[in-house]
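Asker: predicted model follows, preceded by the sequence.
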Amino acid sequence: MPNSIGAGMNLDWFWRGWYLENLELDQAIASVKNSRRENFTDIEIVNLGAMVMPVELLIEFEDGSEVEESLPVRIWHYTNRWSVSVDTSGKPIKRVRLDPTRRLPDSVRTNNAWEPVVPTEGEADKEKSTAEADK
């Protein structure tokens, strides 16, 4: 199929996913963790469905600022798991969202967001007493 004519790139992934096959899109955030590099955070994304699409990420910080990251569809050509390092400038992350504008037909949106787990008061006290007992 001469799908690159006029587009300047190979669009087989698009035609296959949208028209030729009945494929499901399910991108998910697998993990968010501090990077080995100072002031960076590693965000791991997985493609759980058979359809491939570009990735749009929105990283929201506690101070209200945001960073958008766009990853091309070619990241899925050889793997279904991808990690991107994001410069956080040392700011704590409030939330990470995939497809924040909801333009993609993601079949499971519940795995498209990540927020840090904040321990409840009881859990924080338990962790503190466990740490003290380990001394």
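Answerer: Everything's here; your move.

Asker: is Trp114 in contact with Thr41, as I believe?
Answerer: No: taking contacts as C-beta atoms under 8 Å, Trp114 lies outside contact range of Thr41: 10.6 Å. C-betas here are computed from N, CA, C, even on glycine.

Asker: overlap in contacts, the two.
Answerer: Here Trp114 and Thr41 have Val32 as joint contacts, going by C-beta atoms under 8 Å, 6 or more residues apart in numbering.

Asker: my guess is Leu104 contacts Val55. True?
Answerer: No: checked against C-beta under 8 Å, the pair Leu104 and Val55 is beyond contact range at 9.3 Å.

Asker: more crowded one of the two?
Answerer: Val55 (21 against 17; other C-beta atoms under 10 Å).

Asker: can you pull the contacts of the more buried one?
Answerer: By C-beta under 8 Å, 6+ apart, the contact set of Val55 is Gln27, Ile45, Glu69, Ser70, Leu71, Ile75, Trp82, Leu98.

Asker: Glu53: how many residues sit nearby?
Answerer: Quick fix: residue 53 is Met, not Glu. By other C-beta under 10 Å, 20 other residues sit near Met53.
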